[in-house]
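S.K.: Just need the structure, nothing else, for what follows:
(2 chains)
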Amino acid sequence: MRERLPICTLALCAIATIVYALPQLQAPLVYNRAAVATGELWRLASGNLVHFSSGHLAKDIAALFLAGALIEMLGYRHFLLLCVVSAFLIGLELYALEPAVLVYGGLSGVAVAAFAYLGLHGATDKDAYGRICRLALIGLVAKIGLEFAFAPRVSDEFVLVPMSHAIGALAASVLFTVTRLKRTQGSASLAICRV
Amino acid sequence: MRNVAVALLMSLLAAGCATQAPKHTATSAVEFLYPNTREPVDQPAVPTLALPLRVGIAFVPGTASNANLALTEKRKTDVLDEVANHFRKLPYVKSIEVIPSAYLRPKGSFANLDQIRTMYGVDVVALVSYDQTQFTDQGLLSLTYWTVVGAYIVRGQKNATHTMLDTVVYDIRSRKLLFRAPGLSEIQARSTLVNMSEQLRKNSEDSVTEATADMIKNLDTQLVSFQAKVKERPEEFRVVESSGYRGGGAIDLWLLALLVAAASGGLVSRRLR
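M.R.: Prediction:
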């Protein structure tokens, strides 16, 4: 493993912690349907940085730190892009498809995106690591399916929005596919040039 | 001859320092809510606040004798819109309805608010009342009014406008006052004698604008302390959250365990490779 400092992951976790510690930052950042309607579009993404309780923050950060740090340390590219794209897509999905959700917060969608991205990269390996990653991906898909089916109550402060996890996983799959396609095209062009 | 000169001088000085009767206009939330003091006042019940709240906001209607202020219906709507827009984005507010004055009767009391609750579907109402007094004094410069031209060009009128806007927020069903916030303004301005009424009108408008800004600031503060009060005294305020209005993206322990297992398995297998 190439040793790299997971700067993006650490920065994201630090920002989420600061936002939780300073309530005056939460009001302008939280996803608020009414505010988004008046043009405050940054809330689509920044809502992911707001958490409603210390337990909510701790679990989301733990998951993001684990997946994000591994992505960065293993040298998988475009992690920051993944975070930004998945955060915005989650916000857009909430606005377009979840009109009952007036307020939203939580990094879990981004954490799931990181988890899926890590798994997709690892799944291409042909050894034991690849098998573990493929199993983890199946587990992730099953878990998201269960969330849709049973809508488990994870907190008294809010209801879980399973779609945010699905969108995170979808964003990771799309980004992974696009980067793979580009790399394949790049390799093919190089081979043609060499020929 | 000397007596005539003294009398003339005295009258000039008196004219130069004259004071007009202050112009006072006001509406009162107490008069609107509890118009008949002979009737016993209802004991407020414990309010149940169903989040997200549906809030109505309106100016307290004045009686004919005390509400001849130059606050037109449009100006009132502008003030209410400004306050409503500021609070519309609060996460626990579902909607804010601006209620026109025509829907509230003078001394309408809670019976009138019950009608508003039914018509607009609001749970909580914010009632804005105002109190404005305008003073006009004449300074020494008003001596020049004797020249007639002076009345047109010399700013000898000293005008002062004092305004207080006050918002009281009530839970309609329980008749409980949740919190209140005032907004104050004082504007001093000079004007010519001829231009005085126009200047007073402008001061009145400006003073209402200033008082509105001050009231919004105070409402922010009062809201924060009200939230703290609700948390500290659950026996006084019951809060019920409508399902689904606050959503969260949360990792539960199962998902976290899956991630930890996958990550540690992956790391071990990579090290063994």
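
S.K.: longest helix in chain A, by residue count?
M.R.: As assigned by DSSP state H, the longest helix anywhere in chain A is helix A:162-194.

S.K.: can it be found next to chain B?
M.R.: Yes: applying Cβ under 8 Å from any Cβ of the partner chain, one finds helix A:162-194 touching chain B at A:Ser164, A:His165. For glycine as for every other residue, the C-beta is placed from the backbone atoms N, C-alpha and C.

S.K.: Name the residues of that helix that come out as buried.
M.R.: Buried residues in helix A:162-194, counted by 16 or more other Cβ atoms under 10 Å in any protein chain shown: A:162-172, A:175-176, A:179.

S.K.: Nearest to B:Lys217 among those?
M.R.: Among these, A:Ser164 lies closest to B:Lys217 (Cβ to Cβ), at 35.5 Å.

S.K.: Report the contact partners of the closest one.
M.R.: Taking Cβ atoms under 8 Å, 6 or more residues apart in numbering or on different chains as the contact definition, A:Ser164 lies against A:Ile90, A:Glu93, A:Leu94, A:Tyr104, A:Gly106, A:Ser108, A:Gly109, A:Val112, B:Gly247, B:Gly249.

S.K.: Cross these against helices and list the overlap.
M.R.: Short answer: the contacts of A:Ser164 in helices (DSSP H) are A:Ile90, A:Glu93, A:Leu94, A:Ser108, A:Gly109, A:Val112.

S.K.: can you tell me which residues contact A:Ile15?
M.R.: A:Leu49.

S.K.: Name the next helix or strand downstream of the helix or strand containing it, please.
M.R.: A:Ile15 is part of helix A:7-21 when elements are defined by DSSP states H and E. Counting by DSSP H and E, the next helix or strand C-terminal to helix A:7-21 is helix A:23-29.

S.K.: quick check: mean pLDDT across stretch A:126-136?
M.R.: For stretch A:126-136, the mean pLDDT works out to 88.

S.K.: again, but for stretch B:254-263
M.R.: 87.

S.K.: what do you get for stretch B:141-155?
M.R.: Mean predicted confidence for stretch B:141-155 is 80.

S.K.: and whatever helix or strand B:Thr136 lives in, which residues are buried?
M.R.: For B:Thr136, the element it lies in under DSSP H and E is strand B:124-138. Residues of strand B:124-138 classed as buried under the neighbour-count rule (16+ other Cβ under 10 Å) are B:124-132, B:134-136, B:138.

S.K.: show me what contacts B:Lys217?
M.R.: B:Gly183 are the contacts of B:Lys217 under Cβ under 8 Å, 6+ apart.

S.K.: how far away is it from B:Pro182?
M.R.: In this view, B:Lys217 and B:Pro182 are 11 Å apart by Cβ to Cβ, to the nearest Å.

S.K.: Ok, B:Ala213 next?
M.R.: Using Cβ to Cβ, B:Ala213 is found at 12 Å from B:Pro182.

S.K.: Over to B:Ala250?
M.R.: Taking Cβ to Cβ, one finds B:Ala250 at 41 Å from B:Pro182.

S.K.: Can you pick out the residue with more neighbours from those two?
M.R.: It is B:Ala250, of B:Ala250 and B:Pro182, that has more neighbours when counted by other Cβ atoms under 10 Å in any protein chain shown, with 31 against 17.

S.K.: any weak-confidence spans in chain A?
M.R.: Residues of chain A meeting the criterion pLDDT under 70: A:1-3, A:151-156, A:186-195.

S.K.: could you point out where the stretch 101-250 of chain B is predicted with low confidence?
M.R.: B:242-244.

S.K.: Closest residue of it to chain A?
M.R.: Nearest residue of the stretch 101-250 of chain B to chain A: B:Gly249, at 3.3 Å (Cβ to the nearest Cβ).

S.K.: That residue: how many residues sit nearby?
M.R.: B:Gly249 has 32 neighbours, counted by other Cβ under 10 Å.

S.K.: ok, now the one 4 residues further on?
M.R.: Residues near B:Leu253, counting by other Cβ under 10 Å, number 9.

S.K.: Surely it touches A:Ala62?
M.R.: No: B:Leu253 is beyond contact range of A:Ala62, at 10.3 Å (criterion: Cβ atoms under 8 Å).

S.K.: B:Ala29 is in contact with B:Val60, isn't it?
M.R.: Yes: using Cβ under 8 Å, B:Ala29 is in contact with B:Val60, at 5.1 Å.

S.K.: Quick check: neighbours shared by the two?
M.R.: Residues touching both B:Ala29 and B:Val60 (Cβ under 8 Å, 6+ apart) are B:Leu127, B:Ser129.

S.K.: okay, these two: which has more neighbours?
M.R.: B:Val60 (24 against 17).

S.K.: which residues touch that one?
M.R.: By Cβ under 8 Å, 6+ apart, the contact set of B:Val60 is B:Thr27, B:Ser28, B:Ala29, B:Glu31, B:Phe32, B:Leu104, B:Leu127, B:Val128, B:Ser129.

S.K.: Quick check: closest non-adjacent residue to the last one.
M.R.: If the residues on either side of it in the chain are set aside, B:Ser129 comes closest to B:Val60, at 4.2 Å by Cβ to Cβ, 6 or more residues apart in numbering or on different chains.

S.K.: What separation do you get for that neighbour and B:Lys74?
M.R.: From B:Val60 across to B:Lys74, the span is 18 Å (Cβ to Cβ).

S.K.: how close does the residue positioned nearest the centre of chain A sit to A:Val30?
M.R.: Note on chain A: the residue nearest the mean C-alpha position is A:Val110, at 1.7 Å, using Cα atoms, centre = their mean. Distance of A:Val110 to A:Val30, given as Cβ to Cβ: 15 Å.

S.K.: Give me the neighbour count for A:Met35.
M.R.: Wrong residue type there; residue A:35 is Ala, not Met. For A:Ala35, the neighbour count with other Cβ under 10 Å is 22.

S.K.: Nearest residue to it in space, please, no chain neighbours.
M.R.: Excluding its sequence neighbours, the residue lying closest to A:Ala35 (Cβ to Cβ, 6+ apart) is B:Lys89, at 4.3 Å.

S.K.: what does A:Tyr104 give?
M.R.: The shortest distance from A:Tyr104 to any non-neighbouring residue, by Cβ to Cβ, 6+ apart, is to A:Tyr31 (3.9 Å).

S.K.: Tell me which residues touch that neighbour, please.
M.R.: Applying Cβ under 8 Å, 6+ apart, the residues contacting A:Tyr31 are A:Arg43, A:Leu44, A:Ser46, A:Gly47, A:Asn48, A:Val50, A:Gly91, A:Leu94, A:Val103, A:Tyr104, A:Gly105.

S.K.: Any chance of TSV for the residues you listed, columns distance to B:Ala21 and neighbour count?
M.R.: Shown next, in TSV, are these (distance: Cβ to Cβ, whole Å; neighbours: other Cβ atoms under 10 Å in any protein chain shown):
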residue	distance to B:Ala21	neighbour count
A:Arg43	53	24
A:Leu44	58	20
A:Ser46	56	22
A:Gly47	57	29
A:Asn48	62	32
A:Val50	56	28
A:Gly91	59	24
A:Leu94	60	28
A:Val103	53	25
A:Tyr104	58	29
A:Gly105	57	32
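
S.K.: Please identify which of those is nearest to A:Leu12.
M.R.: Of all the contacts of A:Tyr31, the one sitting nearest A:Leu12 is A:Asn48; the distance, using Cβ to Cβ, is 9.3 Å.
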